[in-house]
Every structure is written in C-alpha cells, then in structure tokens.
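Participant: One predicted model, sequence on top.
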Amino acid sequence: MVIYGSIITPLSKRDTLFSDYSLLRVSPLGTIDWVEHEVPPHKLEEALAKHGETVESIASQFRELKRGEWIIPGFVDTHTHAPQFQNNGAGSQFELLDWLKYVTFPEEQKYADVEYAKKMYRRVVRGSLDLGTTMCCWYGTLHLEGTKVLADVLNELGQRAYVGKCNMDRESAPTYQEASADDSLRDTLSFITHVEGLSSQPSQALVRPILTPRFAISCTGPLLQGLGEIAKQHPHLPIQTHISENSAEIAYTKELFPHCATYAAVYDHYGLLRENTILAHGVHLEQSELDLIKSRGAGISHCPTSNFNLRSGAAHVGEWLDNGNKCGLGTDCSGGWTASMITTMQLASVCSKVVSYYTKGDDASITGRFSKTQFAKYQLPIQTVFWLATMGGAEVCCLQDKIGSLEPGKLFDAVHVSILPETDNMHIWYDESESLESMFERFMTNGDERNVSEVWVSGRTVGGRLFK
Ligand code: GUN
Ligand code: ZN
C-alpha cells in the first residue's frame, strides 16, 4: 500500500511532525518501507523514482487522502480491564475499595462461565479496535479458561496486546478469590504457555502474556514471592499492576506490608519492579517512589478518566515527565467510563490544566525538588498529550523500536483520521484554509470514534468506522 497525504506523528515529548504531503509505503509484511515528507503533487513521480517505483507501478495500491484526513500512529492503551466493559458508566458514586467490592468483583465473577467470556470479549476487543487502539495492555479475570478466551479473541481479531490472568489470593470476595498462592501460580504458568502457543514465532507474536498481580492488597506475600520467581526466570515477560491510586488503598497496603517503607517498595521487594513493569495510576506517588521506579526503568500508566471518575485524584504527570519517569495513557475501564483513547487524551489535558491551576507559582527550582522544570506547573501541550497516547505508551510497553510513531522500519500500526464534514462527522467545525496543526487541535479537543475511519495493525485492516 502507498499512501499520499497528511501525516501527523510524534517526534519527541514536545514536538510533532505535521506533514501536509507525505508519501508512505507499507510493505506486504506490514512494516513501513519508506516515508518521504512534503512531496508536492508535481514532485510525486520524482519521489517515487527514488524508490524504484512509478505512478503506474503503484497504481493498484495507491491511496490518496483529502484535506481533512490524515494518518497517525495507532493508540497505545497501557491499562484496561476487559471483564469490566459491561460496567462502563456504572458505580461512579463509589471510591476504589468499595467500588471493587460492590461493583467490580461481582461482574468479574461472571467470567467463570466461558460462554459468557466468549460473548463479551469479542464485543470488547471489537470496540477497542474500532476506537483506534492498536496496542492494549489487558487484564482478564482470575479465571484461567476465561482469560485464555480473551487471548484467543485478541489473536483472531488482530489487536497487538499484552494479556494477563489476574493473581488474587486474598482480600477479594469468598467467591472471587484464588484458593491458594500455589493455585494462582500454577494457572499463571498454564496461561503463559497457552498465549505463547498462539504464535509460531513468540518473539514476533502479536499477543503476549503479562504477569498480572492485581495489586498488593489482593496478593499474599507467598504469591508475590512466587510471581517474582517466575519473573526472574522469564526476564522478557512484562508485568502489570496497580499502584497508589487511592488514599485508603495506600494506607491499607502499608498496613499489610509493614516491612516495606512505601507502596513502590512492596513491588520492588518481591522483584516485580523492572524495565518491563507497567504501574497503573500512581496518583499519590511520593518523590522517593518516583525515583525508585525510574531507577528500575518501570513505566507509569496515567489513567485520568478513571482517576476523576473514582475520585482518586489528579496526577501530577508534568512532574513525572520532568523527573524522567516513563509514562503513557490508560483507559482503565471501568474505573474510567470509556475505552476511547481520544477521550482519555482529552481528560489528560484537562487533568494537567487542573493541576497547573493549583501548582502555579510553585517554582520547583526554588523548592529544590527539581533542578529544571519543563512540564510541571504548566498544562501539558497538545503535542505532549499526543506523545503520551502513542510513543509514551510504546516506551512503557518497551515497544518503542516497533510502534508509537510512523518511521521507516516500524510496524504500520496506524489510524486513518477524518474530520471531513461527511455523514455524521459534523461535530468538528473547521475552515478549509486552516493549517494541519489547527485542524489537529480541533480533533484532539472535539474528536471521537466518528473520526476513526480505518485502523491497521501490522498493515492489516482491523477496525474503524469504515470497517465492517
Ligand atoms: N485496583 C485493583 N483492582 C483494580 C481495578 O480493577 N481497577 C482499578 N481502577 N483499580 C484497581
Ligand atoms: Zn485498573
């Protein structure tokens, strides 16, 4: 496939490339062969000739975009729960610990029924793909068979994914809790074997297993210890969990693990804090924890929709970025009410505006917390929010060499965005003469799934408004 038209892709945390006339070729293997930027129509032949092509030779695979349409890298959702989609929009009057008990665990329990899992997970993954999410870090339930179904569906529908069976052997509900640490570890190993078996080339696999201790509260010391041992034996196996989301959760964690000075120290103590660890929320992380997390190379998933919805707090993401912590965005259904990374970007922007309102005048260089602030105290620039949803997420997943931006050699995980005033797209108003930057700002502020026309993973069309 050869695409000609506008491309928008992150260059750094602060800079985005806006190219009105790009020429991009996707190889049959789904990687980006080459990209030429700013090729005016009369230079098309010349640009093609550089790569040994002619207008005739690419005619059957040529796609030309109109003004108001562009290609961006696919969204990377670094944290969500597949068995909670049914609850999206429900239970928002609770805070975390009661919400888990009264709203979340009763729904997750239903996934003991494999037929229910089959029906629901297909809808869940279809929905996520149609929203432009090309890579997703999924939590299943504690059930081995049900979570295998989730992995199978991901593999079939073609979403790049990390998928984990939850480990939880205490502090849940009598009917929704694993019988022992040994049972949990045994099922985890079976799950890893199943997911790795889905691909003949595990290192190139689309769907990969991820260790998923739900959070410290729901895991006994022996379970965390056993998971640490599995992690040690499998250095490339990623790990995901929750951290410092809610004040009552933090206090209870410290009570359960009195030998650890901080919440982050609990995961570190059990060997679960490393480069490929993804920590969700982190709203109330202390400076010493941010430093520990950074020293281990772990990443943080910022989940603003959920943090607002469950009244967990407003994360100081600018401080994390200044501190050098890896960071991406997560939808966290159904703590958050939507699987849309577009809405999540909008809420990340709002969160940074709220935080900057309260921290303005707090000159971090004077308080001595940071020698240099680039992001703290200010609202996040639009470019930074876009970076978080794409490259930032790729870094958190340790996939920065493969996805997250549109560069030659990377996989073509991408979204065709359209704000053309056709059919039901009239929710974004713009003027024909507007710059690409200006149109993009409108998409970032007003966009939704109506603007997601087509979605590719490794060059394969897997979703979008026009995909049926
Ligand atoms: N902490 C432990 N489990 C969960 C969960 O399912 N959602 C959120 N938001 N936080 C959690
Ligand atoms: Zn979560």
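Facilitator: Done, it's in. Ligands and ions are numbered 1, 2, ... in the order given.

Participant: Packing partners of the lengthiest helix in the chain?
Facilitator: Ranked by residue count, the top helix of the chain under DSSP state H comes out as helix 341-359. Applying 3 or more C-beta pairs under 8 Å, 6 or more residues apart in numbering; DSSP states H and E, one finds that helix 341-359 contacts strand 75-81, helix 304-309, helix 317-323, strand 326-329, helix 382-387, helix 436-446. All C-beta atoms are positioned from the backbone trio N, CA, C, and that covers glycine.

Participant: Return the set of buried residues in it.
Facilitator: Judged by neighbour count (16 or more other C-beta atoms under 10 Å), helix 341-359 contains these buried residues: 341-349, 351-352, 355-356, 359.

Participant: so who does the residue of the stretch 351-468 of the chain found nearest ligand 2 touch?
Facilitator: Proximity of the stretch 351-468 of the chain to ligand 2 (C-beta to the ion) peaks at Val396, 14.3 Å away. Listed by C-beta atoms under 8 Å, 6 or more residues apart in numbering, the contact set of Val396 reads 76, 78, 278, 299-301, 326-328.

Participant: and with 10 Å instead?
Facilitator: By C-beta atoms under 10 Å, 6 or more residues apart in numbering, the residues touching Val396 are 76, 78-79, 137, 238, 240, 276-279, 298-302, 325-330, 388, 404.

Participant: Also Pro202?
Facilitator: With C-beta under 10 Å, 6+ apart, Pro202 has these contacts: 195-196, 208-209, 236.

Participant: and these as a markdown table, adding secondary structure and pLDDT?
Facilitator: Output for the contacts of Pro202, formatted as a markdown table (DSSP: H, G, I helix; E, B strand; the rest coil; pLDDT from 0 to 100):
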| residue | secondary structure | pLDDT |
| --- | --- | --- |
| Val195 | helix | 98 |
| Glu196 | helix | 97 |
| Arg208 | strand | 98 |
| Pro209 | strand | 98 |
| His236 | coil | 97 |
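
Participant: Go ahead and build a PyMOL selection from the buried members of those.
Facilitator: Selection of buried members from these for PyMOL, criterion 16+ other C-beta under 10 Å:
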select buried, resi 195+196+208+209
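
Participant: Show me which helix or strand of the chain is least confident by mean pLDDT.
Facilitator: Lowest by mean pLDDT, DSSP states H and E among the helices and strands of the chain is helix 364-367, with a mean of 44.

Participant: From what I see, Asp77 and Leu388 are in contact.
Facilitator: No: with contact defined as C-beta atoms under 10 Å, Asp77 does not count as touching Leu388 (11.4 Å).

Participant: Quick check: Asn323 vs ligand 2, distance?
Facilitator: Asn323 is 23 Å from ligand 2, where distance means C-beta to the ion, to the nearest Å.

Participant: Just give me the neighbour total for that residue.
Facilitator: Asn323 has 20 neighbours, counted by other C-beta atoms under 10 Å.

Participant: could you measure the residue lying closest to it once chain neighbours are set aside against Val355, distance?
Facilitator: For Asn323, ignoring the flanking residues on the chain, the nearest one in space by C-beta to C-beta, 6 or more residues apart in numbering is Leu290 at 5.1 Å. Going from Leu290 to Val355 by C-beta to C-beta, to the nearest Å gives 15 Å.

Participant: likewise Ile419?
Facilitator: 29 Å.

Participant: try His236
Facilitator: According to C-beta to C-beta, His236 and Val355 sit 35 Å apart.

Participant: Quickly check the contacts of Pro202 for the two that are furthest apart.
Facilitator: The distance between the two most remote of these (C-beta to C-beta) is 13.1 Å, for Val195 and His236.

Participant: Overlap of the contact sets of those two?
Facilitator: Both Val195 and His236 are in contact with 202, 208, where contact means C-beta under 10 Å, 6+ apart.

Participant: so how many other residues sit close to the residue nearest to His79 when sequence neighbours are not counted?
Facilitator: Nearest non-adjacent residue to His79, counting by C-beta to C-beta, 6+ apart: Gly330, 2.9 Å away. Applying other C-beta under 10 Å, we find 30 residues neighbouring Gly330.

Participant: Would you confirm that Ser190 contacts Ala151?
Facilitator: No: the pair Ser190 / Ala151 is not scored as a contact, 11.8 Å apart, by C-beta under 10 Å.

Participant: For the two, indicate the residue with more neighbours.
Facilitator: Ala151 (25 against 14).

Participant: Pull out the buried residues from the helix or strand encompassing that one.
Facilitator: Assigned by DSSP states H and E, Ala151 belongs to helix 144-157. By neighbour count with 16+ other C-beta under 10 Å, helix 144-157 contains the buried residues 144-155, 157.

Participant: Make CSV out of these and add pLDDT and distance to Ser12.
Facilitator: Shown next, in CSV, are the buried residues of helix 144-157 (pLDDT from 0 to 100; distance: C-beta to C-beta, whole Å):
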residue, pLDDT, distance to Ser12
Leu144, 98, 42
Glu145, 98, 44
Gly146, 98, 41
Thr147, 98, 37
Lys148, 98, 39
Val149, 98, 40
Leu150, 98, 34
Ala151, 98, 34
Asp152, 98, 38
Val153, 98, 35
Leu154, 98, 31
Asn155, 98, 33
Leu157, 98, 32
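
Participant: Of those, which is the nearest to Leu223?
Facilitator: Distance to Leu223 across those (C-beta to C-beta) is lowest for Leu144, with 15.3 Å.

Participant: surely Glu115 meets Val149?
Facilitator: Yes: the pair Glu115 / Val149 is scored as a contact, 9.4 Å apart, by C-beta under 10 Å.

Participant: what residues are up against the one residue in the stretch 201-350 of the chain that gets nearest to ligand 2?
Facilitator: In the stretch 201-350 of the chain, the residue that lies nearest ligand 2 is Asp332 (4.4 Å; C-beta to the ion). Taking C-beta under 10 Å, 6+ apart as the contact definition, Asp332 lies against 77-81, 84, 139, 242, 245, 280-281, 301-307, 309-310, 312, 338-339, 344.

Participant: I'd like to know how far it sits from ligand 1.
Facilitator: Applying C-beta to the nearest ligand atom, to the nearest Å, the value for Asp332 to ligand 1 is 5 Å.

Participant: which secondary structure elements does the helix or strand harbouring Thr253 contact?
Facilitator: Assigned by DSSP H and E, Thr253 falls within helix 247-256. Using 3 or more C-beta pairs under 10 Å, 6 or more residues apart in numbering; DSSP states H and E, the elements in contact with helix 247-256 are helix 96-99, strand 239-243, helix 263-269.
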